[in-house]
Structure formats: C-alpha cells, structure tokens
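*Asks:* quick one, what's the 3D model for this:
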Amino acid sequence: MSNTRVALIQMSCEPDIDRNLEKACERVAEAARAGATLICLPELFRAQYFCQREDHALFGLAESIPGPTTNRLSAVARELKVVVIVSLFERRAPGLYHNTAVTLEKDGSIADVYRKMHIPDDPLYYEKFYFTPGDLGFKALQSTAGNIGTLVCWDQWYPEGARITTLRGAETLFFPTAIGWHPSEKAEFGQAQYDAWQITQRAHAISNGVWVCAVNRVGHEEGDVLLNGELLKGPEGAGLEFWGGSFIADPFGRIVAQGSHDKEEILYAELDSKLVETTRQHWPFLRDRRVDAYEGVGKRFLVG
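*Replies:* Residues are numbered from 1 along each chain as shown. Below you'll find the model as predicted:
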C-alpha cells in the first residue's frame, strides 16, 4: 500500500435502530463514491447511546456475529469493494456480551473481530452493566486497504493498547467512539475535556509513528431506543451532547482532517504509508525503547 483514501462517518443516531443502520449504509456508499476505500463508523451507531442507564430490556439490542448489522454492511462492502469497520453490541452467548468492532473486507467477508478491552463505568456511561471486557487482546490486521488496528472509545485513553497494536504491525489506528458532554459540565469543562481527548490520541500517533483516525457521533441523546416496536425511553433530563470533533492525525500528530462539534459529516484523508516509515526514521521511538526495563508496566501499582 502506498496511499489509501480513508473516510470517517460522523453521524447522529435516532431511536429507530433500523433507520440508523440504513443511514450508515447510505453514508458508506457516499464515501465510496468519493473514492474512499477504508471507511469507519462510530461506536454502537445502530442505536442511541443506551448505556446512559441500566435496563435489562436493552440486552435485546445485542446480536450475533454474523448477524443483522454485519450481514447488511457486508453486502454493502462487497458491492462497493471497500473495507468497513463496524461497531456493534455483540451477543456472544446467553448472558455474555461485548462491545465489538468488526472489520469487513471488500469481498464482504469478516476479516477481523476486536472486543473492547477497557470498559468504563461513569455517570451516564454505565458500560460495565452491559459489556464483558474483551478477551481477544490487541490486534492488527493486514487488510487490502493497509495494515490497521482497531480499538474502541475508552481504549483511546490507554497508551498500552495503542503501543501493542502498533507492535503487532498496525500503521493506522482506528478509534470508533461515542463520547460527549454532560450538558451541566460543558460550559466549565467542555473545551478542556475535548482537548484532552484529542491530545491523548495525537500522542498515540506521535509516540508510535502511526496514523490515528478517531470517529465520534454527534447530537444530543437521552438514549431512547425503538426495539421490537416498543420505545424504551432513556433517563429524562440532561442526556448527553455528543461532541463530534472526529479527526485524523498523521504519524507526527498533525491534524489533517477535523470535524465540527454539531454537524453530521464525512471526513476524508489520503493516508500515505511511506510517511509512517519516514517519521519513524527521524523519530525512532520504537528503536530506542528500553524493553528490558518495563516489567513494572504489567503491575497494577508499584508502591506498597
């Protein structure tokens, strides 16, 4: 691979899960018509962000792999001859569920499955109620669109995940995301929260010499979900304002594409794999790592 045209689908989500899926398919087709061959959708795009409360009925959103979402988007990938990264609520077995990203190859086949490793539990982000931590480890895939690695949302704050994915051969890291502001906090902390989110991922790009593609949803959601003809209402009140702001950073952390905070859009960039090698030649962080001195990283804490 020399150059790959990548597209990030920054979209809003409504209660109707089928309409969200069809919107995603339409956006993938639009990106393909614009020349993209590697396309990433945001985290759990098929529904409004339902983890704002703990409700057993919402396990009805979970699906198998292959299943409705992968089957529908596999057909799109095959028709358009594009690689698509798809985030979904995986039903692995009765009582066992994951927050999972599936990479579909341009022939429609399932090329890779990654299960989110870090699971948050914060106000309005009650993911531990729904998701079991991933057990497939950090992975890289030699796809027809390049050497890629996928992590999911909360994973983006951890340098270990980005590093291991890079060491496995990834030259581009994708972060499907659903992150936003608590409306009561936005005025005081909103800009700092967004800056921290972007900076930590740009740091992954720099320290590993990789492209980073972070794709978020946009819009205000209370987590309403239309499931089997029944509207399951989210918690009334504040909800979450998803901050969009999707971006693509090059291997030295420079922003080459930047999304708005309040609009649906598709971000595009040409990823040059040669820039990965050039950057690593001039900034040889992988070469100079002291791999003999890092045994403490595997411990929870080193004092006491």
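
*Asks:* can you check the pLDDT for Gly304?
*Replies:* pLDDT recorded at Gly304 is 78.

*Asks:* ok, it - contacts?
*Replies:* Applying Cβ atoms under 8 Å, 6 or more residues apart in numbering to Gly304 gives no contacts. C-beta: built from backbone N, CA, C; applies to glycine.

*Asks:* since we're on Lys186, how many residues are nearby?
*Replies:* Residues near Lys186, counting by other Cβ atoms under 10 Å, number 15.

*Asks:* separation between it and Asp195?
*Replies:* Distance of Lys186 to Asp195, given as Cβ to Cβ, to the nearest Å: 13 Å.

*Asks:* ok, Pro94 next?
*Replies:* 42 Å.

*Asks:* please apply the same query to Gly35.
*Replies:* Relative to Asp195, Gly35 is positioned 31 Å away (criterion: Cβ to Cβ).

*Asks:* again with Val113
*Replies:* 32 Å.

*Asks:* same thing with Ser273?
*Replies:* Distance, Ser273 to Asp195, by Cβ to Cβ: 29 Å.

*Asks:* now the residue nearest in space to the middle of the chain: how far from Val297?
*Replies:* Centroid-nearest residue in the chain: Pro176, 1.1 Å away (criterion: Cα atoms, centre = their mean). According to Cβ to Cβ, Pro176 and Val297 sit 26 Å apart.

*Asks:* swap in Trp211?
*Replies:* Trp211 is 24 Å from Val297, by Cβ to Cβ.

*Asks:* repeat for Thr166
*Replies:* 15 Å.

*Asks:* which of the two has more neighbours?
*Replies:* Taking neighbours as other Cβ under 10 Å, Thr166 and Val297 compare with Thr166 leading, 25 against 10.

*Asks:* so the more buried one is in contact with Trp211, correct?
*Replies:* No - at 10.8 Å, Thr166 does not count as touching Trp211 under the criterion of Cβ atoms under 8 Å.

*Asks:* need the overlap of contacts for these two.
*Replies:* By Cβ under 8 Å, 6+ apart, the residues touching both Thr166 and Trp211 are Leu173.

*Asks:* quick one, longest strand in the protein?
*Replies:* strand 83-93 (DSSP state E).

*Asks:* in that one, what counts as buried?
*Replies:* 83-91 (16 or more other Cβ atoms under 10 Å).

*Asks:* kindly format the C-alpha coordinates of that strand as PDB.
*Replies:* The C-alpha trace of strand 83-93 is given here as PDB (Å, rounded to 0.1, in the frame of the first residue of the first chain):
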ATOM      1  CA  VAL A  83     -13.100  -2.100   3.700                       C
ATOM      2  CA  VAL A  84     -15.600  -1.100   6.500                       C
ATOM      3  CA  ILE A  85     -15.100  -1.000  10.300                       C
ATOM      4  CA  VAL A  86     -18.400  -1.700  12.000                       C
ATOM      5  CA  SER A  87     -19.100  -1.300  15.800                       C
ATOM      6  CA  LEU A  88     -21.800  -3.300  17.400                       C
ATOM      7  CA  PHE A  89     -23.300  -4.800  20.600                       C
ATOM      8  CA  GLU A  90     -22.200  -8.400  20.300                       C
ATOM      9  CA  ARG A  91     -24.200 -11.300  21.800                       C
ATOM     10  CA  ARG A  92     -21.600 -14.000  22.200                       C
ATOM     11  CA  ALA A  93     -23.700 -16.400  24.300                       C
END
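
*Asks:* packing partners of it?
*Replies:* strand 38-40, helix 68-80, strand 96-104, strand 172-176 (3 or more Cβ pairs under 8 Å, 6 or more residues apart in numbering; DSSP states H and E).

*Asks:* reformat the ones you listed as CSV; add distance to Ala24 and mean pLDDT.
*Replies:* Output for the helices and strands packed on strand 83-93, formatted as CSV (distance: least, Cβ to Cβ, whole Å; pLDDT from 0 to 100):
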stretch, distance to Ala24, mean pLDDT
strand 38-40, 10, 98
helix 68-80, 7, 98
strand 96-104, 12, 98
strand 172-176, 12, 98
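
*Asks:* I appreciate the help and will end here.
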